[in-house]
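**Q** Below are the sequence and a predicted model; questions follow.
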Amino acid sequence: SDEENTARYDVVAQGAEAVGTKTVLVYMAGHNTLGYVGCLQADTAEIMAGRSAIPSDGRLLIFIDTGDKPRLYRVLPDEPQPRLLAEWAKDCSSTSPQTLCEVLELTRRLAPSAHYGLVMSSHGDGWLPPSNTPQSLRRSKASLKSFGIDDGDGAADHGEQMAVEDLATAFSQTGLHPDYIFFDACLMQTVEVAYALRGVTDY
């Protein structure tokens, strides 16, 4: 609900822009070793270095969670720093379907476009079941697949993961249908993952 969302994040940007041609969202679930050792910070710096290539009718958004308050930014071709669009009030799990839904809804609301693209960046297990799935279920449903790791208060790279089926459900719930989903994550370029996402993206 709007009331629940208000309690979880603050929208800094005011109002929605005119509909653009394409919005690309880079979803960086980095509350894990990728965030600890600076990999996602390096990726963000690389994105900023190439910002001049963003077309005038395109939008590039970055959601980043490295263990503090998650943030949603917009990268503009003529600004050296990304522009803050929204900030969560406290740390939340970037591998939670609820968080993904919130980010997708904000993307559609703050950067409406005729087309969308998505880049999912984190660790990945491909066809393996999420580590937070009960052992009995892991044994009986080996077809489960997972994306990302959010350590929360736990040990490095042993936190919550998101089943690929839950990833697909989040897209179905928000109604945002990206033209493509790229994975900057291990083991996610498999036919099992593609099959699970067949109804929520074109490529």
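**A** Here it is on my side, so go on. Bear in mind that the values here come from a model prediction, so they are computed numbers and not experimental data.

**Q** Start and end of stretch 165-185, how far apart?
**A** Using Cα to Cα, to the nearest Å, the end-to-end distance of stretch 165-185 comes to 16 Å.

**Q** and what of stretch 45-65?
**A** Start-to-end, stretch 45-65 (Cα to Cα) is 15 Å.

**Q** contacts for that stretch?
**A** With Cβ atoms under 8 Å, 6 or more residues apart in numbering as the contact definition, stretch 45-65 has outside contacts at 17, 20-31, 35, 40, 44, 70-77, 79-82, 85, 91-92, 94, 99, 103, 107, 110-111, 113, 150. Using the backbone N, CA and C atoms, a C-beta is placed for each residue, glycine as well.

**Q** Can I get the longest helix along the chain as CSV, trimmed to CA atoms?
**A** When every helix of the chain is counted residue by residue (DSSP state H), the longest turns out to be helix 97-110. What follows is helix 97-110, C-alpha atoms only, in CSV (Å, rounded to 0.1, in the frame of the first residue of the first chain):
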residue,chain,number,x,y,z
PRO,A,97,10.4,-9.6,-3.9
GLN,A,98,8.8,-6.7,-2.0
THR,A,99,11.9,-4.5,-2.5
LEU,A,100,12.1,-5.4,-6.2
CYS,A,101,8.5,-4.6,-6.6
GLU,A,102,9.0,-1.2,-5.0
VAL,A,103,12.0,-0.4,-7.3
LEU,A,104,10.0,-1.5,-10.4
GLU,A,105,7.0,0.6,-9.4
LEU,A,106,9.3,3.7,-8.7
THR,A,107,11.0,3.1,-12.1
ARG,A,108,7.7,3.2,-13.9
ARG,A,109,6.5,6.2,-11.9
LEU,A,110,9.6,8.4,-12.0
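
**Q** Packing partners of that helix?
**A** Of the remaining helices and strands, those touching helix 97-110 by 3 or more Cβ pairs under 8 Å, 6 or more residues apart in numbering; DSSP states H and E are strand 9-11, strand 20-29, strand 58-65, strand 71-75, strand 83-88, helix 164-174.

**Q** looking at the protein, which helix or strand is least sure?
**A** helix 135-140 (a mean of 42; mean pLDDT, DSSP states H and E).

**Q** Quickly run through the sheet partners of the helix or strand following that one, with directions.
**A** Scanning forward in sequence from helix 135-140 by DSSP states H and E, the next helix or strand is strand 146-150. Note on strand 146-150: by DSSP bridges, its sheet partners are strand 124-126 (antiparallel), strand 160-163 (antiparallel).

**Q** now those strands as JSON lines including distance to residue 188 and mean neighbour count?
**A** Shown next, in JSON lines, are those (distance: least, Cβ to Cβ, whole Å; neighbours: other Cβ atoms under 10 Å):
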{"stretch": "strand 124-126", "distance to residue 188": "4", "mean neighbour count": "21"}
{"stretch": "strand 160-163", "distance to residue 188": "12", "mean neighbour count": "24"}
